[in-house]
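[1] output the structure for:
(chains A and B, ligands or ions: 2)
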Amino acid sequence: MFFKALRKKGILGMNRRVGDYILTHNERKKYQLVDNKITTYELCKKHNVSQPDHYFHVTNIGQIKKIKKDLIQLKSFCIKPARGAMGNGILVVNEVLGTEEEPEFDTSKGLMNIKKLSHFISDILSGLYSLSGHPDQVIIQEKIILHPVFDNYVYKGIPDIRFIVYKGYPVMAMLRCPTKKSQGRANLHQGAVGCGINIATGHITNCIYLNNSINTHPDTGKELKDLAIPYWEELLVQASKCYEMTQMGYIGVDMVLDKNKGPQLLEINARPGLSIQLANSTGLIPRLELINQQKSNADLKSIIAFCQSHFNA
Amino acid sequence: MSKIKTITVISLILLPLLLIYYKVEIKKLSMIPKSSSNEWNIELKYNIQDMLGPTESTKVLIPVIESVYNQTVKLKSIKPKNSYKKIELDHKSLISVKKEIKRLSINYQLKLAESFYGQVMKAPNHSFNKKQYLSLNDFDETNLKSLRLLNTKFNFDRQSQLERIRALYLYLTEEFISTDESSSIKDSLELYEASNFVKAQILMALARINKIPARTMLTYIIEDKDNSYHLKKSYVPEVLINKKWLPVNVNASTFNRIAEKQFIVNRDVSTDFENTTAKALHTAITPVMINQVDSQEYQKKLSTVSGFLSAISLHRLSPTLQNVFLTILLIPIGTLILAIGRNIVGLKTFGIFTPILLSLFFLETSLLIGLLFFAFIVILGFGQRYILDKFYLLAVPRLSILLTLVIISYAFVGILSTQDNSFVYTGALNYFPIVIIAVFIERFSIHFIEEGPWNTFKALIGTLVIAASCYLVFEIYDLKVLLFNHPELLLMVIAFNIMIGSYKGYRLSELIRFKEFRRL
Ligand SMILES: Nc1ncnc2c1ncn2[C@@H]1O[C@H](COP(=O)(O)OP(=O)(O)O)[C@@H](O)[C@H]1O
Ligand SMILES: [Mg+2]
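    Ligands and ions are numbered 1, 2, ... in the order given. Now for the predicted structure:
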């Protein structure tokens, strides 16, 4: 039939993802732990999972006027909606220029004056970028500094590493490198490069860009398969810990590498996408079914060892 | 599937099938009852405040539709109750309404005989002032001059009254083109084209010039347009020959006969009706509820078969409500199409139920206007991003501006619809489409901001495909009637939804998404 090839490769489709994994392993009431980045942040603190610091939160429009001074003092930071998704409503401020009275912000969306920046923040508050369209909160977050290993693997912005963590097992991973096309954002459908990663070693195996296989970064021309991700085991451990932290069985864990602070959790996703299979050129189902056969009380160390020995490709 | 699920699905499918089997096979009720006779429920709504009073302006007179010629009429109800007074005049009945009453709605049940040929007409059973029907006072000099001139050209001499009327009828039906624009009698005679009303007036005037008493009747013709019915105004002159009134149907081209789907509202518009209510009549009579299912008959049959079935039958509802439910019962079918489109085909849509709402919008307005308006809103939705973005507006006021613009253009459509040859059907202009559009704009804008233009475009196509499929299915009249008669079928829809909801296979769209894997 039509779907024979997909079935043979063990590709996880949208319906099965929802029916067999998300609905059955992720309890509805736990979603708020990950759908709101502020809640996730507090949870991480409790569980010793490191995250970029939140300097402060903006919760109502009246506050916007008062934070001008604080923002100028921060020099660099990242503004994001607490309940955003897919890179919407994220603004990275690299530097503050101009005078104290009339500051100019050098951002990922070009130079902005305080009026433009305030408008951006109030848009987030009004719910423009939130998942549901309901009023939202704004996070002023520590800016992540690009780890030198990624030099020339990104056009601008920060790459992130997506893990599919099933019952605590990191079963598949992919590196997402921003491009010119994705405007510095690390989302595949916006034109970021997706690189499959060998779980055993952290080496890049296979890459896609706009649904096509590639070998070199489209903007910099750098050979992608040369890249091996440092701190790999620590990344696996941190990703695995997110299961214990959220008690959700099927999640997407987004990690970043900071130049100074090393592996950091960026966000957790309760409905992770399926493109990771394209990046790895492998279906998820065989790996997920292998995990189903494992005992559920394995310790962190043996979980990582299991994944490294079985997903070595 | 789990056992409980399987049992649920099977019983949800079997139950309605058994019930229908019982009704149709054992009790011999019809599966899809259809009307056998030309019977209609008609609701006329008058905007009393818009009507000009006859002389003193506190009251308005509305004629009551009566049984005459091939029509048998039953007055079912007048709402609001006690707001009117019935007046029996020597030759017709009227309803008198005080102008404080804003709206009056009259419900009739009307039966039209299939054919009117050969039927003997009743002699007028009332006394009347013959002079009134010979008067030419309503026509001004220039018009009369052209009419008289025309009359001389016929060289009527020894011809009988009937022969004269016949000649005039043939002249008007064969030489004249019908137009929607109304011009003076004189111009119409010169151009050989006349509006419906003017044509009737010409014949009436010529009859009177020939000393034949004549008047003009207001009638409606029931038109079947895309499975819904509309009323079209048409005027029929009536002449008195040998003490019998004779309809001279110059507009429907039937001599001595009212057409098959035509009924008479008022037999004398020139005197008290057309003059006083011309404008309000045009806008105040809303299209009509037609009960093609022949509810009463069916309900009667049902009650002889089973008191229970008749007690829970939707045929108990009033005609207006029946019409509402004919459409509402289709919505679950729409959800089924939606579920298939999204979960099996893999189409993207704005929001979940937006496509179904949209298809209702199409039903309400017609597919063409629906699509045009839809395209307009999409352009507006894309355009606002580039224009309103420069103003740095908060999200909610921005959406409000968008909605305001839509309302303004909607008002524009309303104005267009008053044009005589407008293609916009006024009945479609009510709150309902705006509610749908408001929901659509909100979903559309959020989608645009969250997912960018390309994904918005994909969702747009998905939404349109599902909305259009729903529209096409909703247009199947027999399906409507089937569901109306056997609403238990909706249990099957639930069963199918459980089945689709349990489908864990691939979506058709995933063949494209994962095409890499098919090549390997
Ligand atoms: N603090 C930060 N410093 C620099 N870049 C960031 C920061 N936070 C997020 N980003 C960039 O934005 C992208 C999306 O951020 P994320 O928190 O995952 O939001 P979303 O839920 O919208 O995907 C990241 O992949 C990264 O490229
Ligand atoms: Mg993300």
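[2] pLDDT value on residue 75, please?
    If you meant another chain, say so; for now it's chain A. Looking at A:Lys75, its pLDDT reads 87.
[3] let's do chain B instead
    We have a pLDDT of 82 for B:Leu75.
[4] now the one 4 residues further on
    At B:Lys79 the predicted local distance difference test score is 80.
[5] against chain A, how distant is the closest residue to it other than its chain neighbours?
    Leaving aside its chain neighbours, B:Lys79 sits nearest to B:Ser105 (5.0 Å; criterion: C-beta to C-beta, 6 or more residues apart in numbering or on different chains). Every residue, glycine included, has its C-beta placed from N, CA and C. Distance from B:Ser105 to chain A, counting by C-beta to the nearest C-beta, to the nearest Å: 40 Å.
[6] against ligand 1, how distant is B:Ser105?
    Taking C-beta to the nearest ligand atom, to the nearest Å as the measure, B:Ser105 falls 55 Å from ligand 1.
[7] and that residue, how many neighbours?
    15 (other C-beta atoms under 10 Å in any protein chain shown).
[8] chain center to the host helix or strand of it, what's the gap?
    Here B:Ser105 sits within strand B:103-112, counting by DSSP states H and E. Distance, stretch centre to chain centre, for strand B:103-112: 14 Å (C-alpha atoms, centre = their mean, to the nearest Å).
[9] buried set for the helix or strand following that strand?
    Downstream of strand B:103-112, the first helix or strand assigned by DSSP H and E is helix B:141-153. For helix B:141-153, a neighbour-count test (16 or more other C-beta atoms under 10 Å in any protein chain shown) marks B:143, B:146-147, B:150-151 as buried.
[10] what do you get for stretch A:26-39?
    A:26, A:31, A:33-37.
[11] could these go into TSV alongside pLDDT?
    Output for those, formatted as TSV (pLDDT from 0 to 100):
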residue	pLDDT
A:Asn26	94
A:Tyr31	92
A:Leu33	92
A:Val34	93
A:Asp35	91
A:Asn36	93
A:Lys37	95
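[12] looking at the residues you listed, which is nearest ligand 1?
    Taking C-beta to the nearest ligand atom as the measure, ligand 1 sits nearest to A:Lys37 out of these, at 6.6 Å.
[13] grab the nearest non-local neighbour of the closest one.
    A:Ala82 (5.0 Å).
[14] give me the number of residues near the one you found?
    Neighbours of A:Ala82 using other C-beta under 10 Å come to 23.
[15] ok, it touching A:Asn36?
    Yes: counting by C-beta atoms under 8 Å, A:Asn36 is a contact partner of A:Ala82 at 5.2 Å.
[16] stretch A:116-131 and chain B in contact?
    Yes: looking at stretch A:116-131 against chain B by C-beta under 8 Å from any C-beta of the partner chain, the contacts come from A:116, A:119, A:122-123, A:126-129.
[17] sorry, back to before: can you tell me what sits against the strand holding B:Ser105?
    Residues from elsewhere that reach strand B:103-112 (C-beta atoms under 8 Å, 6 or more residues apart in numbering or on different chains): B:37-48, B:62, B:64-65, B:70-80, B:83-84, B:95, B:97, B:260-263, B:319.
[18] buried stuff in it?
    Of the residues in strand B:103-112, B:104, B:106-110, B:112 count as buried by neighbour count, 16+ other C-beta under 10 Å.
[19] quick one: contacts for residue 221?
    Defaulting to chain A. Neighbouring residues of A:Gly221 by C-beta under 8 Å, 6+ apart: there are none.
[20] meant chain B actually
    Contact analysis of B:Ile221 by C-beta under 8 Å, 6+ apart lists B:231-234, B:252, B:259, B:261-262.
[21] now do A:Tyr41
    Residues in contact with A:Tyr41 (C-beta under 8 Å, 6+ apart) are A:51, A:54, A:139.
[22] list only buried entries from these.
    By neighbour count, with 16+ other C-beta under 10 Å, the contacts of A:Tyr41 hold A:51, A:54, A:139 as buried.
[23] tell me which of those is nearest to chain B?
    A:Ile139 (17.9 Å; C-beta to the nearest C-beta).
[24] and the next helix or strand past the lowest-mean-pLDDT helix or strand in chain B?
    Within chain B, no helix or strand scores below helix B:274-284, which has a mean of 51 by mean pLDDT, DSSP states H and E. Per DSSP H and E, helix B:274-284 leads on to helix B:295-305 as the next helix or strand towards the C-terminus.
[25] so, low pLDDT: which residues of the stretch 101-250 of chain A?
    Applying pLDDT under 70 to the stretch 101-250 of chain A picks out residues A:131-133.
[26] in its sheet, what does the longest strand belonging to chain B sit against?
    Longest strand of chain B, by residue count under DSSP state E: strand B:228-241. In the sheet, strand B:228-241 lines up against strand B:214-225 (antiparallel), strand B:244-249 (antiparallel) (DSSP bridges).
[27] is the strand or helix carrying B:Ile441 positioned near chain A?
    Applying DSSP H and E as the criterion places B:Ile441 in helix B:431-474. Yes: Helix B:431-474 is in contact with chain A by C-beta under 8 Å from any C-beta, via B:442, B:446, B:449-452, B:455.
[28] ok so, going back, among the contacts of strand B:103-112, which are located in strands?
    Judged by DSSP E, the subset of the contacts of strand B:103-112 located in strands is B:39-47, B:62, B:71-79, B:84, B:95, B:97, B:262-263.
[29] list only those of the residues you listed flagged as buried.
    Buried by 16+ other C-beta under 10 Å: B:39-47, B:62, B:71, B:73, B:78, B:84, B:95, B:97, B:262-263, out of the ones in strands among the contacts of strand B:103-112.
[30] buried subset of the contacts of B:Ile221, written for ChimeraX?
    Remark: buried members of the contacts of B:Ile221, expressed as a ChimeraX selection using 16+ other C-beta under 10 Å:
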select /B:231,234,252,259,261,262
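[31] which member of the contacts of B:Ile221 is positioned nearest chain A?
    The nearest member of the contacts of B:Ile221 to chain A, counting by C-beta to the nearest C-beta, is B:Leu231 at 43.4 Å.
[32] so which residues on the stretch 101-250 of chain B come close to chain A?
    Counting by C-beta under 8 Å from any C-beta, no residue of the stretch 101-250 of chain B is near chain A.
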